[in-house]
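# From the sequence below, what's the structure:
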Amino acid sequence: MIITGATSGIGLAAAEQLARCRASVVLVGRNSEKTQQVRNDLVARTGNSAISAVVADMSDFESVRHAAAAIRNSHDRLDVLIHNAGAIATQTTYAPNGSEVTVASQLIGPFLLTGLLLDLLARSESGRVITVSSGGMYTVPLSIDELREKRGINVPPSKASSGATQYSRVKRAQVTMNELWAERVPDHSVVFHAMHPGWVDTPGLQNSLPRFRQVMGPILRSPRQGADTLAWLAADDGVPLHSSGRFWHDRRPRTTHRLRRTRRSEPDNQRQQIWELCKELSAWDENIEPMT
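Okay, here's the model as predicted:
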């Protein structure tokens, strides 16, 4: 099982739960020293030595390709790929390819990693891809123009002050992408799930939304509570293995729209543009590179 963003918060809690279930866990993090230290700590706490570390910056697509190559060199099968890496940007920054960093790290990078590892997932009898999204996606429509923004091109004037809004946009796009993968890949080969962990008291929340944390403090979940549905989707061979393309919260499938204006934002042509945008920006060729 591979988990991105595994060095803190929900990712770390899920990694520990899965390691305690005797899974072989690959931790993916940006910082080599920190990721290796987390790996060593988890081995000590769980007694599971089948935990390894791979370094990757999900916003840097060359880094993602190097990580995929390292995983392919050490594994001939993959059961679960968990896309958990993510944070709310406090200022507008850009990835090496010029894309806004939230889009690059939480939409395009995961798309590329999925494509590069899809054949390994297909070799498993229980291959599955799980994306940690957010309930914040309920507040925003799907917007191809906002996702396509690049450094110096079509930069909205208010962009610098809307890190939380951009985060929600990308979380909306993640859920759409989860559905698109499920439409394209037969569920007997690999299943796809997106999930909302609830509002969790993570380091990311503390740093990015301190006021929200202060107000919501009494009802915030612990990282372990937030990781419950994630670990269940990864490990349970019941419903999670016999459904695909759903959005989950507290082990139950949920609607992906609560507002009419967000539902209207997803005609088929707009959804297809999201897929084509991810292919274009990641330079992933599904006709050449590993694909089921």
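# residue boundaries of the helices in this protein?
All helices of the chain, identified by DSSP state H, fall at 9-20, 32-46, 61-74, 101-103, 109-122, 144-148, 163-184, 203-208, 210-216, 223-226, 228-235, 260-263, 268-282.
# Check those for me: which has the lowest mean pLDDT.
With a mean of 57, helix 210-216 has the lowest mean pLDDT of the helices of the chain.
# Please convert the helices of the chain to CSV, extending it with mean neighbour count and distance to Leu81.
C-betas here are computed from N, CA, C, even on glycine. Putting the helices of the chain into CSV (neighbours: other Cβ atoms under 10 Å; distance: least, Cβ to Cβ, whole Å) gives the following:
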stretch, mean neighbour count, distance to Leu81
helix 9-20, 24, 13
helix 32-46, 16, 17
helix 61-74, 17, 9
helix 101-103, 23, 20
helix 109-122, 23, 6
helix 144-148, 17, 22
helix 163-184, 21, 11
helix 203-208, 15, 21
helix 210-216, 11, 30
helix 223-226, 18, 19
helix 228-235, 22, 9
helix 260-263, 12, 27
helix 268-282, 16, 15
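# Nearest to Phe247, out of the ones you listed?
helix 163-184 (5.5 Å; Cβ to Cβ).
# which strands and helices sit next to the closest one?
helix 101-103, helix 109-122, strand 128-132, helix 144-148, strand 191-195, helix 268-282 (3 or more Cβ pairs under 8 Å, 6 or more residues apart in numbering; DSSP states H and E).
# sorry, back to before: want to throw the helices of the chain into JSON lines with distance to Phe247?
As requested, the helices of the chain are exported to JSON lines (distance: least, Cβ to Cβ, whole Å):
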{"stretch": "helix 9-20", "distance to Phe247": "16"}
{"stretch": "helix 32-46", "distance to Phe247": "28"}
{"stretch": "helix 61-74", "distance to Phe247": "24"}
{"stretch": "helix 101-103", "distance to Phe247": "20"}
{"stretch": "helix 109-122", "distance to Phe247": "16"}
{"stretch": "helix 144-148", "distance to Phe247": "19"}
{"stretch": "helix 163-184", "distance to Phe247": "6"}
{"stretch": "helix 203-208", "distance to Phe247": "21"}
{"stretch": "helix 210-216", "distance to Phe247": "21"}
{"stretch": "helix 223-226", "distance to Phe247": "16"}
{"stretch": "helix 228-235", "distance to Phe247": "11"}
{"stretch": "helix 260-263", "distance to Phe247": "13"}
{"stretch": "helix 268-282", "distance to Phe247": "15"}
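# if we compare those helices, which one ends up closest to His193?
Of all those, it is helix 228-235 that lies closest to His193, at 5.0 Å by Cβ to Cβ.
# which outside residues touch that closest one?
Outside helix 228-235, the residues that touch it by Cβ atoms under 8 Å, 6 or more residues apart in numbering are 1, 10, 14, 17-18, 21, 23, 80, 82, 84, 128, 130, 132, 193, 195, 197, 240, 248-251.
# From those residues, keep the buried residues only.
Among the contacts of helix 228-235, those buried by neighbour count (16 or more other Cβ atoms under 10 Å) are 1, 10, 14, 17-18, 23, 80, 82, 84, 128, 130, 132, 193, 195, 197, 240, 248.
# residues near the nearest residue to Asp237 once chain neighbours are set aside, how many?
Take Asp237 and drop its neighbours on the chain: the residue closest to it by Cβ to Cβ, 6 or more residues apart in numbering is Ser126, 6.1 Å away. Around Ser126 there are 15 other residues, counting by other Cβ atoms under 10 Å.
# hang on, Met58 packs against Phe111?
No - counting by Cβ atoms under 8 Å, Met58 stays clear of Phe111, with 10.2 Å between them.
# From Ile144, how far off is the spatially closest residue to Asp187 that is not a sequence neighbour?
Excluding the flanking residues, the one nearest Asp187 by Cβ to Cβ, 6+ apart is Ser244, at 4.1 Å. Look at Ser244 and Ile144: by Cβ to Cβ, to the nearest Å, they are 24 Å apart.
# try Asp57
Distance from Asp57 to Ile144, by Cβ to Cβ: 25 Å.
# now swap in His193 and tell me
From His193 to Ile144 the distance is 24 Å (Cβ to Cβ).
# Appreciated, that's everything.
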